[in-house]
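S.K.: structure here, sequence nowhere to be found:
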């Protein structure tokens, strides 16, 4: 049996790539893709723990996470389309009309 | 395990709200443009029916049961918060009726999204498993993202929605990673199971602190606590004003319901781990919220920072813990909902083609032009600043009392000092309204629903400030269930 730590290392690395993508990349679509990467890292974690603990809860959680990730991306892309129609930007740094 | 009658009864209010929202989506097709307030009316009716059913379930002694294999608890704690959510939903729909008309964003879906978000908040207040809590959180957030960007042709609204959805998805990713670590450490996602596993020795696990930090980050985003507050001023400013009112009270109260349950029930054995982290967030929120608010010229941005500060005060109640601390947070959220919705109602009453009502300078000399409006504004500002005899004073008073009884004197002193700072920027607006001469013409919306909201919130803010006893004892009896 593969030790559970290997899975955790994989998921932590994936999660960090996702976090770095959101924080460092400025293209809105790539930022959304990075968020997906974070959620998939979570899924690996849940699946690995469910296998390791011989418990179904984690697998159920994975199914719900996948569903919600899809819903979230649908909403985010809808908002992005409304934004691009209005002022054709895809770069987060150009979103600067709200400032205090 | 089959679903029994008990399960259905326990979630009947949630079923009513979400079913009605789905039916309204179809009804909306048959209602011509310009008559969409009809959907808003049915939505208010739905919320009232759900409130009546909840009241009946809570009164019929059916409380305290956990249904759906330990996913969902129909207890007094949940019903108290649901009561707050019902009030918020009704008042926000009333506030929206004339606003959507003047802004040209009148659509049936607007009210339907508020209902869906309400359903999510209700699930959050009753969820006793991290899975149902997470599902409720997303069901609450997704409609709010859409509503933020509802003014499709307004660039600021687009931008606010984009920032909100990217950061919201980011924070829910962090929250989920924290939940997965908790699941790995304790082997369950049920709050009572987590508490048992942690007190059996799991609390010493090294990964627990990472998990707790991630949970604090995820929930801290929803309550706009420092350092997870960066989104809130921009989003508050860009969103349609009734939606700003909604998200400054609704999702915040729901997130506090979840924080109380998760930290004081599930993670209670790990108090030493999360106590310091939450204290840093609380103090940071009070400092940043109250001090940065002083420099604002836009009222919506100022209220965003003030709302960050209020999140800090309410977190102090969570840190105090115990029955008293929980009851003080519940009471604070109730009071905060009324006073904040009241101030947004004043802002919407001022919203005409000539004046946006969003700038603080718009209120110069208001007392000479419309004395009653200036007076209710004064009442809400006093309440936000925590000056007696308003409800805000009582709310803050109980939080600080719970904190002192729990032995956290230093935190209480910091909180009280910072509420003196807060008084400065609230009273500055009062000075502008009363001491200065009016500039330019004043026009008012004169919408009857907004007047109802203004009257109701003003009366409640005074009554809760003078006779807090009944609702406070209700909060205390509801806190026992936790």
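M.R.: It's in. This is a predicted model, so every value here is computed, not measured.
S.K.: so the helix or strand containing residue B:420, near chain A or not?
M.R.: Counting by DSSP states H and E, the element that carries residue B:420 is helix B:409-435. No - remark: helix B:409-435 sits outside contact range of chain A, by CB under 8 Å from any CB of the partner chain, the gap being at least 13.5 Å. All C-beta atoms are positioned from the backbone trio N, CA, C, and that covers glycine.
S.K.: what's the helix or strand following that helix in contact with?
M.R.: Using DSSP H and E, the helix or strand that follows helix B:409-435 towards the C-terminus is helix B:448-466. Under the contact criterion CB atoms under 8 Å, 6 or more residues apart in numbering or on different chains, helix B:448-466 has outside partners B:91, B:94-95, B:97-98, B:334-335, B:338-339, B:341-342, B:345-346, B:348-349, B:373, B:376, B:379-380, B:383, B:388-394, B:471.
S.K.: of those, grab the buried ones for ChimeraX.
M.R.: ChimeraX command restricting the contacts of helix B:448-466 to the buried ones, with burial defined by 16 or more other CB atoms under 10 Å in any protein chain shown:
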select /B:91,94,95,97,98,334,335,338,339,341,342,345,346,348,349,373,376,379,380,383,390,391,392,393,394,471
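S.K.: enumerate the residues of the stretch 301-450 of chain B near chain A.
M.R.: Taking CB under 8 Å from any CB as the contact definition, the stretch 301-450 of chain B meets chain A at residue B:301.
S.K.: for the helix or strand harbouring residue B:472, packing partners?
M.R.: Following DSSP H and E, one finds residue B:472 within helix B:469-479. Secondary-structure packing of helix B:469-479 (3 or more CB pairs under 8 Å, 6 or more residues apart in numbering or on different chains; DSSP states H and E): helix B:76-103, helix B:322-349.
S.K.: how about the ones you listed in a markdown table, adding distance to residue B:50 and mean pLDDT?
M.R.: Shown next, in a markdown table, are the helices and strands packed on helix B:469-479 (distance: least, CB to CB, whole Å; pLDDT from 0 to 100):
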| stretch | distance to residue B:50 | mean pLDDT |
| --- | --- | --- |
| helix B:76-103 | 7 | 93 |
| helix B:322-349 | 17 | 94 |
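S.K.: tell me the SS of residue A:98?
M.R.: coil (DSSP: H, G, I helix; E, B strand; the rest coil).
S.K.: got a list of what it touches?
M.R.: B:156, B:159-160, B:163, B:233-234, B:237-238.
S.K.: can you map out the strands along chain A?
M.R.: Using DSSP state E, no strands are found in chain A.
S.K.: show me where it has its helices.
M.R.: Per DSSP state H, chain A carries helices over the ranges A:4-24, A:28-53, A:57-87.
S.K.: how far away from the center of its chain is the longest one?
M.R.: Meaning helix A:57-87. 9 Å (CA atoms, centre = their mean, to the nearest Å).
S.K.: that older thread, and chain A, which of the contacts of residue A:98 contact it?
M.R.: Residues of the contacts of residue A:98 in contact with chain A (CB under 8 Å from any CB): B:156, B:159-160, B:163, B:233-234, B:237-238.
S.K.: tell me which residues in the helix holding residue B:472 are buried?
M.R.: Of all the residues in helix B:469-479, those buried under the rule 16+ other CB under 10 Å are B:471-472, B:474-476, B:478-479.
S.K.: count of neighbours near residue 16?
M.R.: Went with chain A since none was named. 13 (other CB atoms under 10 Å in any protein chain shown).
S.K.: try chain B instead
M.R.: By other CB under 10 Å, 20 other residues sit near residue B:16.
S.K.: which non-adjacent residue is nearest residue B:40?
M.R.: The shortest distance from residue B:40 to any non-neighbouring residue, by CB to CB, 6 or more residues apart in numbering or on different chains, is to residue B:111 (4.6 Å).
S.K.: what angle do whichever strand or helix holds the one you found and helix B:76-103 make?
M.R.: Assessed by DSSP H and E, residue B:111 sits inside helix B:108-126. Interaxial angle, helix B:108-126 versus helix B:76-103 (axes from the mean of the first three to the mean of the last three CA atoms, to 10 degrees): 160 degrees.
S.K.: and the helix or strand that helix B:108-126 is followed by, how far from the chain's centre?
M.R.: Following helix B:108-126 in sequence order, the next helix or strand is helix B:130-148 (DSSP H and E). Mean C-alpha position of helix B:130-148 versus that of the full chain (CA atoms, centre = their mean) differs by 13 Å.
S.K.: what angle sits between helix B:130-148 and helix B:108-126?
M.R.: Orientation check (the same axes, to 10 degrees): helix B:130-148 against helix B:108-126 gives 150 degrees.
S.K.: still on that earlier bit, among the contacts of residue A:98, name the buried ones.
M.R.: Neighbour-count burial (16+ other CB under 10 Å) is assigned, among the contacts of residue A:98, to B:159-160, B:163, B:233-234, B:237-238.
S.K.: name the nearest of the ones next to chain A among the contacts of residue A:98 relative to residue B:280.
M.R.: Among the ones next to chain A among the contacts of residue A:98, residue B:233 lies closest to residue B:280 (CB to CB), at 20.8 Å.
S.K.: find the nearest non-adjacent residue to the closest one, please.
M.R.: Among residues not flanking residue B:233 along the chain, residue B:304 sits closest, at 4.3 Å (CB to CB, 6+ apart).
S.K.: the one you found: neighbouring residues, count only.
M.R.: Applying other CB under 10 Å, we find 26 residues neighbouring residue B:304.
S.K.: tell me the mean pLDDT over the helix or strand where it lies?
M.R.: Per DSSP H and E, residue B:304 falls inside helix B:299-320. Regarding helix B:299-320, the rounded mean pLDDT is 95.
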